[in-house]
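Asks: Sequence plus the predicted model coming up.
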Amino acid sequence: MLPVMFRNVCWPKDRSQFLPSSLWPYIKKLEFIYKSDYKQPLWVSQSRHGPAMKLLSAALPHIPNLATLQFLPWSP
């Protein structure tokens, strides 16, 4: 059941932490959701996205089955 549930993951819903490392082997597609209503692009707005980007960059090398990473704007 876990391989199906965590195959496609959207993050961050809560920017304070990433998914538990025990789930990382199941992730094949990861969508990084960011707020697009800011005037600065994602890579410039370090104060807003910096903490989430640090968590993501630390986790990526340890997600062995990741095939797709997308950066998507958040929409309500």
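Replies: Alright, I've got the coordinates.
Asks: For Leu23, see how far away His62 is.
Replies: According to C-beta to C-beta, to the nearest Å, His62 and Leu23 sit 11 Å apart. (Glycine included, C-beta is placed from N, CA and C.)
Asks: ok, Cys10 touching Ile33?
Replies: Yes - the criterion here is C-beta atoms under 8 Å, and Cys10 meets it with Ile33 at 5.7 Å.
Asks: Of these two, which one has the most company?
Replies: Ile33 (17 against 13; other C-beta atoms under 10 Å).
Asks: I figured the more buried one was touching Ala52, is that so?
Replies: No - with contact defined as C-beta under 8 Å, Ile33 does not reach Ala52; the gap is 9.4 Å.
Asks: if we can go back for a sec, ok, His62 and Leu23, which is more surrounded?
Replies: In this view His62 and Leu23 are compared by other C-beta under 10 Å, and Leu23 has more residues nearby, 15 against 10.
Asks: For my notes, confirm that one occurs in a helix.
Replies: Yes - Leu23: assigned to a helix according to DSSP: H, G, I helix; E, B strand; the rest coil.
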